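Participant: I'll drop the sequence and a predicted model, then ask my questions.
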Amino acid sequence: MVIPEHRPEDEREAWSKRDPIPCFAEQLRRENLATQDELDRLAADVEQELDDAVRFAEESPNPDPRTVTEFVWAD
């Protein structure tokens, strides 16, 4: 969870304790459903997938502006 720097330190600390990802990881470890090594590998895999997606987007050509309204519906 990214908490803006301009928030007071105690508020940032309180919210970081409620971050669902580390809380869920802790629950998985506590209940022996995952090891820290497994969670670290999963995090590395996710990071790699995100890096690949960003690289693909950056290397892809810009879309044709005439297609901006394709697949857009409004009632």
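Facilitator: Sure, I can see it. Computed from a predicted structure; not experimentally measured.
Participant: export only the CA atoms of the helix or strand of the chain with the lowest mean pLDDT, formatted as CSV.
Facilitator: For the chain, using mean pLDDT, DSSP states H and E, the weakest element among its helices and strands is helix 9-17, scoring a mean of 85. Presented in CSV, the C-alpha positions along helix 9-17 are these (Å, rounded to 0.1, in the frame of the first residue of the first chain):
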residue,chain,number,x,y,z
GLU,A,9,3.8,9.5,10.3
ASP,A,10,1.4,8.0,12.8
GLU,A,11,-1.3,7.8,10.2
ARG,A,12,1.0,6.2,7.6
GLU,A,13,2.1,3.7,10.2
ALA,A,14,-1.5,2.9,11.2
TRP,A,15,-2.5,2.3,7.6
SER,A,16,0.5,0.3,6.7
LYS,A,17,-0.5,-2.2,9.5
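Participant: how about residues contacting the longest helix anywhere in the chain?
Facilitator: Identified as the longest helix of the chain according to DSSP state H is helix 36-59. The contact list for helix 36-59 (Cβ atoms under 8 Å, 6 or more residues apart in numbering) reads A25, L28, R29. C-beta coordinates here come from the backbone N, C-alpha and C atoms, glycine included.
Participant: try it again at 10 Å.
Facilitator: I21, P22, F24, A25, E26, L28, R29, A34, T35 (Cβ atoms under 10 Å, 6 or more residues apart in numbering).
Participant: how many neighbours does R29 have?
Facilitator: By the measure other Cβ atoms under 10 Å, the count of residues near R29 is 14.
Participant: how distant is the least confident helix or strand of the chain from the center of its chain?
Facilitator: Centre-to-centre, helix 9-17 and its host chain are 19 Å apart (Cα atoms, centre = their mean, to the nearest Å).
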